[in-house]
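[1] using only what follows, build the 3D model:
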Amino acid sequence: MLLLFIFLNHGNLAESNLMTSDHDYLPTSYSIYEDKKSYSNQSISDALDLYSPNDSFPGYTLFAPEYYTLTFLIDNDGNIVNMWKSKYAQALGTYLLENGNLIRACSPFNNPYFPFGGVTGRLEVFDWNNTLIWEYERSTNKYCLHHDVEVLSNGNILLLSWEIKSVEETISAGRNPDLIPWNYFVSDSIIEIQPTGPNSGRIVWEWHVWDHLIQDYDSTKNNYGIVSQHPELIDINLEINDPDYFHINSIDYNPDLDQIMLTVRNYNEIWIIDHDTTTEEAAGHTGGRYGKGGDLLYRWGNPQTYRAGTEEDQKLFRPHDGQWIEEGCPGEGNILVFNNGLYRSDGLYSTIEEFIPPVDENGYYRYTPGLPYGPENSIWSYGNDREERFFSELLSGAQRLPNGNTLICEGKKGHFFEVTMDKEIVWEYTNPYPSTINDVFKIRRYPLNYSGLGPLQQYNPIKPVKPEGPTNGESGIYYTYYCTTRDPNNENLYYTFDWGDGKIDKLIGPIPSGERVSASHMWETNGTYKIRVKAVNKYGLESSWSDPLQVNITTSIAWLFGKISDKNRMGNNISFWADYLYVFSFHPFSYTYYPNGAYVIVDVNYVGILTNRFVAGKFYIRSIR
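    Sure thing, here's the model as predicted:
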């Protein structure tokens, strides 16, 4: 069935003197196709271009084609494992929540007052079974939701919201009239919604760009100042040829710092602000956790915006999806951003940038007045080398995964791929829906043990019991230890033994869930060692380490008798091959015979005979294998 989603004429306001730019405006009209295929348990592995199971991070990938009404969750083989259907397209910020619900931004109708790329106006929440359980709309002639959302741990939702300013308001804010070729100006804001009824919400906090402007054009205005001396404020007189002046396209939240990150496409920057403010403090320049009210705490990507650099200092070019790398992922706390690369001086190509913000443990950012905010360079990037090149002028995003890989959405092409830290592509997929325009705003992969996966959720193996085995022994002798645990999914397990001497035996198995595993080890020197054990199942889900078993190892003294060859001196040790060997120990007494030979290392100090052919005497044993 063909569904037609037609954008109406833009009305009187949009028909006025709007000047186009590089901005990603929506087309005047476009179609949305519902594929006639059956989606139930459907495999679309033909869209899977590459999959390296040993290197790709195991999980489920969520994506919502922009001009489509369906949202898909796929496994790493490209199979659809769940999907959600809406009445509306223009899918942008879409996430799977920890309770199994799906939150999805979309557009219920064409709002002629906001004819810009990224327009939504509606937020929907579906349960795992595709039942619509909450909806919220904000799309009027004054305000409109757009792009992205961020759900907080208390259930509140941070939303990006446009707001229209008249020409008179814009001039009153200090904008140079010669830089207003339109009959209105669109500013940006954040609203925090507390869901109430099934189709309502209450605004409990808000922040507006308009409250934090500076300009040096009109000295009669209250916000007049020297731009270069106030990087915490936002210059309203940049030569941006776009009524959607700022074009904030992504929002992220750091709960430890209680800070919000915004990706500001037209400023080529990321901004960070304080969320620990009242709405009144957020409108001012003092108060909050960091004492700056709603002013910028940090910005990065284009110091020209606060006159602390030149084009050579610009790092970001029309970026998207700025975010803090999540806890538990390599680089946690660093910032990751999709750098689209539009208007890059050395060509059109996109990159992923990871950089370390200059922030202390309390959330305060270091800054030297007159210079660009640090850092000077990224610590990791992908796409700079010619063989890595890709390009998406619009949309797009990236995500650092727990194994260190980075998942990339080349949004304009609906192309997803996963790269290792060494920049090897280990998973690749192209969105097949709809077949005409397959744009995707951003994607996210959820680990197999993510609580929001409903019936698909896999569970980590249970913490193994404390290892069992000898707690006293001698160096150079092998001892055997035992351990066990269970897997909630009743899967086979692979065990890792950490012997405490820098040596680790990995992936012993497979061992059925609940059965004992054994492993043997020999310590070469005296000391006290702690043995720990953990288990992993076939999904790559690990248990925590067991409680340690402490083992005390002393020097092994034994009487040796046998025929030998290949004797060598190695520092303070002597090694030889015994064709056959008798070993007698006395504390406690034990006797071992090696009829098929053994490789022996002993101390140079001994009592007895050690020739090139025979051994007989009392020795300090380093190892016998």
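[2] wouldn't residue 382 be in contact with residue 417 here?
    No. Residue 382 sits out of contact with residue 417 when judged by Cβ atoms under 8 Å, with a separation of 9.9 Å. C-beta here means a position set from N, CA and C on the backbone, and glycine is covered the same way.
[3] between these two, who's got more neighbours?
    More neighbours surround residue 382 than the other of residue 382 and residue 417, with 23 against 19 (other Cβ atoms under 10 Å).
[4] quick one, what contacts that one?
    351-352, 388, 406, 408, 419, 423 (Cβ atoms under 8 Å, 6 or more residues apart in numbering).
[5] in the stretch 251-400 of the chain, what residue spans correspond to strands?
    Here the stretch 251-400 of the chain has its strands, by DSSP state E, counting those that start in this stretch, at 259-264, 269-274, 298-300, 320-324, 335-339, 351-355, 380-382, 397-400.
[6] next secondary structure after the longest helix along the chain?
    Across the chain, the longest stretch assigned as helix under DSSP state H is helix 167-172. As assigned by DSSP states H and E, the chain's next helix or strand after helix 167-172 is strand 184-195.
[7] gap between that following strand and the chain center?
    Relative to the centre of its chain, strand 184-195 is centred 26 Å away, using Cα atoms, centre = their mean, to the nearest Å.
[8] list the buried residues in the longest helix of the chain.
    Of the residues in helix 167-172, 170-171 count as buried by neighbour count, 16 or more other Cβ atoms under 10 Å.
[9] just to revisit the earlier point, now the strands of the stretch 251-400 of the chain in a markdown table, with distance to residue 413?
    Listed next are these as a markdown table, based on distance: least, Cβ to Cβ, whole Å:
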| stretch | distance to residue 413 |
| --- | --- |
| strand 259-264 | 20 |
| strand 269-274 | 24 |
| strand 298-300 | 27 |
| strand 320-324 | 14 |
| strand 335-339 | 13 |
| strand 351-355 | 15 |
| strand 380-382 | 16 |
| strand 397-400 | 13 |
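[10] now distance to residue 131 and mean pLDDT too, for those, in TSV please.
    Shown next, in TSV, are the strands of the stretch 251-400 of the chain (distance: least, Cβ to Cβ, whole Å; pLDDT from 0 to 100):
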stretch	distance to residue 131	mean pLDDT
strand 259-264	31	98
strand 269-274	35	98
strand 298-300	41	98
strand 320-324	29	98
strand 335-339	33	98
strand 351-355	36	98
strand 380-382	39	98
strand 397-400	27	98
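[11] are any of the contacts of residue 382 buried, and if so which?
    By neighbour count, with 16+ other Cβ under 10 Å, these hold 351-352, 388, 406, 408, 419 as buried.
[12] any weak-confidence spans in this protein?
    1-46, 587-588 (pLDDT under 70).
[13] show me the contacts for the residue most central in space within it.
    Closest to where the C-alpha atoms of the chain average out (Cα atoms, centre = their mean) is residue 400, at 3.0 Å. With contact taken as Cβ under 8 Å, 6+ apart, residue 400 is in contact with 325-326, 329-331, 336, 354, 406.
[14] again, 6 Å this time
    Shown in contact with residue 400 (Cβ atoms under 6 Å, 6 or more residues apart in numbering): 325, 329, 331, 336, 406.
[15] closest one to residue 288 out of those residues, please.
    Lowest distance from residue 288 to those (Cβ to Cβ) belongs to residue 325, with 24.3 Å.
[16] I'd like to know how many residues surround the closest one.
    Neighbouring residues of residue 325 were enumerated by other Cβ under 10 Å; the total is 18.
[17] ok, now residue 79?
    Using other Cβ under 10 Å, residue 79 has 15 other residues around it.
[18] and the end-to-end length of stretch 359-370?
    18 Å (Cα to Cα, to the nearest Å).
[19] quick one: buried residues of that stretch?
    359, 363-365, 367.
[20] pretty sure residue 463 is touching residue 544, no?
    Yes. If you go by Cβ atoms under 6 Å, residue 463 and residue 544 touch, sitting 4.8 Å apart.
[21] can you pick out the residue with more neighbours from those two?
    residue 463 (16 against 13).
[22] show me the contacts for the more buried one.
    Shown in contact with residue 463 (Cβ under 6 Å, 6+ apart): 543-544.
[23] for the remainder of this discussion, apply numbering that starts at 29.
    That works, and once the first residue is 29, the last one we named lands at residue 491.
[24] how near is it to residue 562?
    Residue 491 sits at a distance of 8 Å from residue 562 (criterion: Cβ to Cβ, to the nearest Å).
[25] again, but for residue 232
    The gap separating residue 232 from residue 562 is 43 Å, by Cβ to Cβ.
[26] what's across from the residue nearest to the centre of the chain in the sheet?
    Here residue 428 sits in beta bridges with residue 434, going by DSSP bridges.
[27] who touches stretch 518-525?
    Here stretch 518-525 makes contact (Cβ under 6 Å, 6+ apart) with 489, 515, 533-541, 545, 547, 561-566.
[28] quick check: buried residues in it?
    By 16+ other Cβ under 10 Å, the buried positions in stretch 518-525 come out as 519, 521-525.
[29] select from the residues you listed every entry located in helices.
    Here DSSP H is the test, and these give no hits in helices at all.
[30] can you list those in CSV and add distance to residue 645?
    CSV is the format used below for the buried residues of stretch 518-525 (distance: Cβ to Cβ, whole Å):
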residue, distance to residue 645
519, 52
521, 46
522, 44
523, 40
524, 40
525, 34
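[31] in strands, which of those fall?
    Judged by DSSP state E, the subset of these located in strands is 521-525.
[32] so what's residue 436 up against?
    Residue 436 is in contact with 426, 445, counting by Cβ under 6 Å, 6+ apart.
[33] for it, give its distance to residue 248.
    From residue 436 to residue 248 the distance is 49 Å (Cβ to Cβ).
[34] run through who's touching stretch 172-183.
    For stretch 172-183, using Cβ under 6 Å, 6+ apart, the contacting residues are 120-121, 133, 139, 142, 146-149, 166, 185-190, 277-279, 281.
[35] give the buried residues for that stretch.
    172-179.
[36] please apply the same query to stretch 622-630.
    By 16+ other Cβ under 10 Å, the buried positions in stretch 622-630 come out as 622, 626, 628-630.
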